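quick one, structure for this:
(chains A, B, C and D)
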2 protein chains.
Amino acid sequence: MGRWEPNARGRLEEAALELYSERGFEQTTVAQIAERAGLTERTYFRHFADKREVLFGFPGQLHAGITEAVASAPADASALGAVEAALTAMGAVLQERREKARKRQAVIDENPELQERELIKMATMAALLTETLRARGIADSAAALAAETGIAVFKVAFERWIQGPDRLDLPTMIREALEELQSLAADYGTR
Amino acid sequence: MGRWEPNARGRLEEAALELYSERGFEQTTVAQIAERAGLTERTYFRHFADKREVLFGFPGQLHAGITEAVASAPADASALGAVEAALTAMGAVLQERREKARKRQAVIDENPELQERELIKMATMAALLTETLRARGIADSAAALAAETGIAVFKVAFERWIQGPDRLDLPTMIREALEELQSLAADYGTR
DNA sequence: TATCCGATGTCAGTCACTGTCGTCAACTAG
DNA sequence: CTAGTTGACGACAGTGACTGACATCGGATA
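Predicted structure coming up:
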């Protein structure tokens, strides 16, 4: 056994989510999180770049899923078809941890600073998605547009899912939102 | 004449943009900005909520333009048609201050913290746009989707505009990006 | 066994941001 | 004209996020 308890990072994540839920993000200090995790403030900052990042560790895991899903989409799929594959793959991952996701989202919804961080994570995914689409041979402009639009669709579907009843299926809701967008676009044409 | 030089806020904005451009955002302290503007650090924080906000004052002016543009769109316009009106109105405002916009964007592009703030400003506009569309009688889900998608389109068009040659017209580029999205959506249908 | 390494603790320091209070010109009521 | 009020700012002290430098020690390695 090591000199310290294992999984320091995980303990910090857990302690932070608890404290942020209990007393709010602003009312929690990093020192308190570290203390609850049995560590020091300095060690917190060795694991997370700042006070917010502790809530955003696992989106990193989604990145691998995105590239993978797009890569394994059928070769003849359209740009938005490939996007659909990526988004539903992400959705499937989230579908597992619904309760944690909901608790986390409740904290984020209460604090603008956290919302900023969430947005930039989404933007990062959009950039990654753009890159992956380009790798499929999709033209630059179409790739960027499809990716940005896809993320917008994901946001809408995620919000509906997290706020709706338990039985909802996120991947399904993503597909529905995409189809909805399609019909909006068709209407735009006939304006 | 007053006890102090007029337009303290404007002087702070100018000083900040200069310093951020010269030595970078992180390497600039609020005290330095205040000093260049002939004020104190405390006064800076009376005008701006934090170190970043000094770059994001004028997007607030865009908000009025959005609601106005959507309101004055033809009654029979589609959801994305109304969005087009809002986006091109914003585009027209930015078209005026191209040089300042470019300088500002260069600073933002260098710093993730500033990108976060920019993203949340965009999200705020999306929310406002959603609200305005609902006021036109567009269904909730369609309004949110149209607004989010519209902002995504705006981002793409803005980037092309700010990075492209001087002669480009932002409102035109917004319309082009919207049409491009439309064709992407049509392709999605025939996948 | 000697040495190195990696994760953590300790401590001092900077800077973003806030609360409080004092100052003084301009404005307003009488 | 005088007294009180207000608005914009300066001065000062304090908290907490975040960083750099260095010490510690169990475990892996030569």
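
poorly predicted segments of chain A, please.
A:1, A:59-60, A:191 (pLDDT under 70).

ok now do A:Ala142, which residues does it touch?
For A:Ala142, the contacting residues are A:79, A:133, B:180, B:184, taking Cβ atoms under 8 Å, 6 or more residues apart in numbering or on different chains as the criterion. Yep, even glycine has a C-beta here, placed from its N, CA and C like the rest.

hmm, try it at 10 Å
When contacts are counted by Cβ atoms under 10 Å, 6 or more residues apart in numbering or on different chains, A:Ala142 touches A:78-80, A:130, A:133-134, B:180-181, B:183-184, B:187.

put the buried members of those residues into a PyMOL selection.
The command below creates a PyMOL selection of those among these that count as buried (16 or more other Cβ atoms under 10 Å in any protein chain shown):
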select buried, (chain A and resi 78+79+80+130+133) or (chain B and resi 180+181+184+187)
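
nearest to B:Tyr44, of the contacts of A:Ala142?
Distance to B:Tyr44 across the contacts of A:Ala142 (Cβ to Cβ) is lowest for A:Thr130, with 37.1 Å.

can you pull the buried residues of stretch A:45-61?
Buried positions in stretch A:45-61, judged by neighbour count with 16+ other Cβ under 10 Å: A:47-48, A:51-52, A:54-56, A:59.

typo on my end, it should be stretch A:144-155
Applying a neighbour-count criterion of 16+ other Cβ under 10 Å, one finds A:144-155 buried in stretch A:144-155.

C-alpha coordinates for it, CSV please?
Taking Å, rounded to 0.1, in the frame of the first residue of the first chain, the C-alpha atoms of stretch A:144-155 are listed here in CSV:
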residue,chain,number,x,y,z
ALA,A,144,-17.5,23.5,-39.4
LEU,A,145,-21.2,24.2,-40.0
ALA,A,146,-22.3,20.7,-39.5
ALA,A,147,-20.3,20.4,-36.3
GLU,A,148,-21.5,23.6,-34.8
THR,A,149,-25.0,22.9,-35.7
GLY,A,150,-24.7,19.4,-34.3
ILE,A,151,-23.5,20.7,-31.0
ALA,A,152,-26.4,23.1,-30.9
VAL,A,153,-28.8,20.2,-31.5
PHE,A,154,-27.1,18.2,-28.8
LYS,A,155,-27.5,21.1,-26.3
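
any idea how far that stretch is from the chain center?
For stretch A:144-155, the distance from its own C-alpha centre to the chain's C-alpha centre is 13 Å (Cα atoms, centre = their mean, to the nearest Å).

do stretch A:93-100 as well
11 Å.

ends of that stretch, how far apart?
Criterion Cα to Cα, to the nearest Å; first-to-last residue distance in stretch A:93-100 is 12 Å.

what's the domain layout of chain A?
A:8-53, A:56-189 (automatic domain parsing).

can the first one be found next to DNA strand D?
The reference is to domain A:8-53. Yes: for a cut-off given as Cβ under 7 Å from any atom of the strand, domain A:8-53 has contacts with DNA strand D, namely A:28-31, A:41-42, A:45, A:49-52.

just the helices in chain A please.
A:8-23, A:30-36, A:41-47, A:59-71, A:79-96, A:98-109, A:112-135, A:140-163, A:170-189 (DSSP state H).

closest one to B:Asn7 among those helices?
Among the helices of chain A, if distance is taken as Cβ to Cβ, the winner is helix A:112-135, at 28.0 Å.

okay, the angle between the closest one and helix A:140-163?
140 degrees (axes from the mean of the first three to the mean of the last three Cα atoms, to 10 degrees).

close to chain B, is helix A:112-135?
Yes: Helix A:112-135 reaches chain B (Cβ under 10 Å from any Cβ of the partner chain) through A:112-113, A:115-124, A:126, A:130.

narrow those residues to just the buried residues.
Listed as buried from the residues of helix A:112-135 next to chain B are A:113, A:115-124, A:126, A:130; burial here means 16+ other Cβ under 10 Å.

quick one: which of those is nearest B:Gly164?
Comparing those against B:Gly164 with Cβ to Cβ places A:Thr130 closest, at 17.9 Å.

ok, the closest one to DNA strand C distance?
Distance from A:Thr130 to DNA strand C, counting by Cβ to the nearest atom of the strand, to the nearest Å: 30 Å.
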